[in-house]
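Student: Have a look at this prediction, sequence included:
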Amino acid sequence: MLQKQGHFSIALVCVVLGIMLAVQFRATQDIRSSPKYQRVEDLTQRVIQMEKERNALLDQIRDLRQSNAGGAASAELESVRMGAGLVPLRGAGVIVTVDDTKPAAPPRSNNPNLYLIKDEDLLKVLNELRAAGAEAISINGQRLIASSEVRSAGPYISINNTNFAAPFEIKAIGDPVTLENALKLRGGVIETLQFWGIRIEVKQSANVQIPAFKGTFRFNYAQPVQDGGK
Amino acid sequence: MILPVVGLIIGLLIGTFLPVSMPMEYAKYLSVALLASLDTVFGGLRAGLEGKFDNLVFMTGFFTNALLAAGLVYIGERIGIDLYYVALLAFGIRVFQNLAVIRHHFLRR
């Protein structure tokens, strides 16, 4: 077995070893407070701080806009009214005329209904226009707003609760070239509809007139969130 | 066998309550030195079990090994070679070897 002397020196070394172990343990724990971690912490704090500042500034902007009843507020109101479709608009865009063929179906066709314009066909055109960046759209003088429907109602198509039959005249304000190209894509809307004998004409115009929405708004269920959507 | 364990516990306590904290840059050196001293302790135990324990060899071995290991790491860092790993590997292997010998010694009894 170990000699007495050896025992002591090993114990002594063990003391030193223990000190080193403990210090190393503490150092490893201190890594959390090392510059790298502290920097992450620091930056996180700063981001939070900046976000708070930004929100405060946004609030300030809103307050100033509200207090300044003149130019800024009315400009914002105007743009909101434009978005809601309450003002007649004009600008460059396209006029799309969609019409059935007469006679609608080729002779001995099984299903003449396929050769009529349906709500789906109009929706395809509208969707394409919206995707191409149309800013305002009307069909037969009916301004399309967020709550407008395009739906088949018996032999008619109902738009803003008004019934229409062919022909349809869709007006859209937006970049005329983009709008027309979007409709005339190979394999796109026009090609598909023409297969069913539906005639579509796209005409670019520098001055498309789109009327305002004539109906009224009535919100029975929706209510604005009071804290301003923060 | 009691005395080394008591020593270790005392050392741990001292280290825990020592108000000195080590800068991060030295953590590497300390870890290597730690392994070196671990190696020395096991080596000493082994030598003791084999009846070849020499106090002078043991004490000088402890300090020179620790310092040499730390110095090696320092040099490695200066010349851009990770001698750190070399030291870790060498001491690690020796720790295992010593442990194995100690284990054998106890098993043979």
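Tutor: All right, it came through fine. Numbering: from 1, shown residues only, chains lettered A, B, ... in the order given.
Student: and stretch A:168-188, which residues are buried?
Tutor: By 16 or more other Cβ atoms under 10 Å in any protein chain shown, the buried positions in stretch A:168-188 come out as A:168, A:170-176, A:179-180, A:182-183. Quick note: C-beta positions are derived from backbone N, CA and C, even for glycine.
Student: I'd like the mean pLDDT over it, please.
Tutor: Averaged over stretch A:168-188, pLDDT sits at 87.
Student: would you put the C-alpha positions of it in PDB?
Tutor: Provided in PDB are the C-alpha atoms of stretch A:168-188 (Å, rounded to 0.1, in the frame of the first residue of the first chain):
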ATOM      1  CA  PHE A 168     -69.700  42.700 -70.100                       C
ATOM      2  CA  GLU A 169     -67.400  45.700 -70.100                       C
ATOM      3  CA  ILE A 170     -64.600  45.400 -67.600                       C
ATOM      4  CA  LYS A 171     -62.600  48.500 -66.900                       C
ATOM      5  CA  ALA A 172     -59.400  48.400 -65.000                       C
ATOM      6  CA  ILE A 173     -56.900  51.100 -64.000                       C
ATOM      7  CA  GLY A 174     -53.300  50.000 -63.900                       C
ATOM      8  CA  ASP A 175     -50.300  49.700 -66.200                       C
ATOM      9  CA  PRO A 176     -52.000  49.100 -69.500                       C
ATOM     10  CA  VAL A 177     -49.200  46.900 -71.000                       C
ATOM     11  CA  THR A 178     -48.900  44.700 -67.900                       C
ATOM     12  CA  LEU A 179     -52.700  44.300 -67.700                       C
ATOM     13  CA  GLU A 180     -53.100  43.400 -71.400                       C
ATOM     14  CA  ASN A 181     -50.100  41.000 -71.300                       C
ATOM     15  CA  ALA A 182     -51.400  39.300 -68.200                       C
ATOM     16  CA  LEU A 183     -54.700  38.600 -70.000                       C
ATOM     17  CA  LYS A 184     -53.100  37.500 -73.300                       C
ATOM     18  CA  LEU A 185     -50.600  35.100 -71.800                       C
ATOM     19  CA  ARG A 186     -50.200  31.900 -73.800                       C
ATOM     20  CA  GLY A 187     -52.500  29.400 -72.100                       C
ATOM     21  CA  GLY A 188     -54.000  32.300 -70.100                       C
END
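Student: where's it relative to the chain centroid, distance-wise?
Tutor: The chain centroid and the centroid of stretch A:168-188 are separated by 20 Å under Cα atoms, centre = their mean, to the nearest Å.
Student: on that earlier part again, farthest-apart pair in the buried residues of stretch A:168-188, please.
Tutor: For the buried residues of stretch A:168-188, the maximum inter-member distance is 21.9 Å, found between A:F168 and A:D175 (Cβ to Cβ).
Student: quick revisit: next step: the buried residues of stretch A:168-188 restricted to strands.
Tutor: If you go by DSSP state E, these have A:168, A:170-173 in strands.
Student: Considering these, which is situated nearest to chain B?
Tutor: A:I173 (64.0 Å; Cβ to the nearest Cβ).
Student: show me what contacts that closest one?
Tutor: A:89-93, A:134-137, A:208, A:210 (Cβ atoms under 8 Å, 6 or more residues apart in numbering or on different chains).
Student: what does A:I137 give?
Tutor: A:126, A:129-130, A:143-144, A:170-173, A:210.
Student: let's see it at 10 Å
Tutor: By Cβ atoms under 10 Å, 6 or more residues apart in numbering or on different chains, the residues touching A:I137 are A:85, A:93, A:96, A:125-126, A:129-130, A:143-145, A:148, A:170-174, A:210.
Student: Is A:T28 in contact with B:L34, as I believe?
Tutor: No: if you go by Cβ atoms under 10 Å, A:T28 and B:L34 don't touch, sitting 11.4 Å apart.
Student: Name only those of the contacts of A:I137 that count as buried.
Tutor: Looks like the contacts of A:I137 have A:85, A:93, A:96, A:125-126, A:129, A:143-145, A:148, A:170-174, A:210 buried, using 16+ other Cβ under 10 Å.
Student: Closest one to chain B out of the residues you listed, please.
Tutor: Distances from chain B to the buried ones among the contacts of A:I137, taken by Cβ to the nearest Cβ, are shortest for A:G174, at 60.6 Å.
Student: burial measure for whichever residue of chain B sits closest to chain A, as a count.
Tutor: In chain B, no residue comes nearer to chain A than B:G11, which is 2.0 Å away by Cβ to the nearest Cβ. Other residues within reach of B:G11, judged by other Cβ atoms under 10 Å in any protein chain shown, total 23.
Student: after the helix or strand hosting it comes which helix or strand?
Tutor: Assigned by DSSP states H and E, B:G11 belongs to helix B:2-17. Following helix B:2-17 in sequence order, the next helix or strand is helix B:27-50 (DSSP H and E).
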